[in-house]
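In: what would the 3D arrangement of this be:
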Amino acid sequence: MKIDSERFLLCHSVPGRMRLKLLLPRFSREVAQALEHRIGSCERIRGVEVRHRTGSVILHYDSNKVGPEEVLDHLAKVLQEKIPQG
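Out: Coordinates of the predicted model:
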């Protein structure tokens, strides 16, 4: 599985759910909400929660329709976009 280690670490994964740690500078609740919106824009991701205090991301996805590699690729693309500071 390809992991963009410059932006996040995969902490835990089971089919349909994964928990990651973002390797970003401290960010606000507003930035976390923007990231949730961007990450959740993928129709195969069923739910996303970004915790601004810890930098954790919990992703729920349909493991019958998408594999973990595709979810991580989507996350890597989102994190390559300009992220508002705050």
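In: and His74, how close does it get to Leu35?
Out: As judged by C-beta to C-beta, to the nearest Å, His74 and Leu35 stand 12 Å apart. C-beta: built from backbone N, CA, C; applies to glycine.
In: sketch out the low-pLDDT regions of this structure for me.
Out: Along the chain, the parts satisfying pLDDT under 70 run over 1-5, 82-86.
In: tell me where it has helices.
Out: If you assign secondary structure with DSSP state H, the helices in the chain sit at 29-39, 68-80.
In: wait, which of these is closest to Val50?
Out: With C-beta to C-beta as the measure, helix 29-39 is the member of the helices of the chain nearest Val50 (4.2 Å).
In: contacting residues around Phe8?
Out: Shown in contact with Phe8 (C-beta atoms under 8 Å, 6 or more residues apart in numbering): 20-23, 57, 75-76, 79.
In: what pairs with it across the strands?
Out: Taking DSSP bridges as the rule, Phe8 bridges to Leu22.
In: so what's Val48 up against?
Out: Shown here is Val48, whose contacts under the criterion C-beta under 8 Å, 6+ apart are 36, 39-40, 57-60.
In: among those residues, which ones are in strands?
Out: Members of the contacts of Val48 lying in strands (criterion: DSSP state E): 57-60.
In: neighbour-wise, which of these leads?
Out: Within the ones in strands among the contacts of Val48, most neighbours by other C-beta atoms under 10 Å means Leu59, with 24 neighbours.
In: quick one: it and Gly67, what's the gap?
Out: The spacing between Leu59 and Gly67, counted by C-beta to C-beta, is 13 Å.
In: returning to what we had before: Arg46: which of the helices of the chain is closest?
Out: helix 68-80 (10.6 Å).
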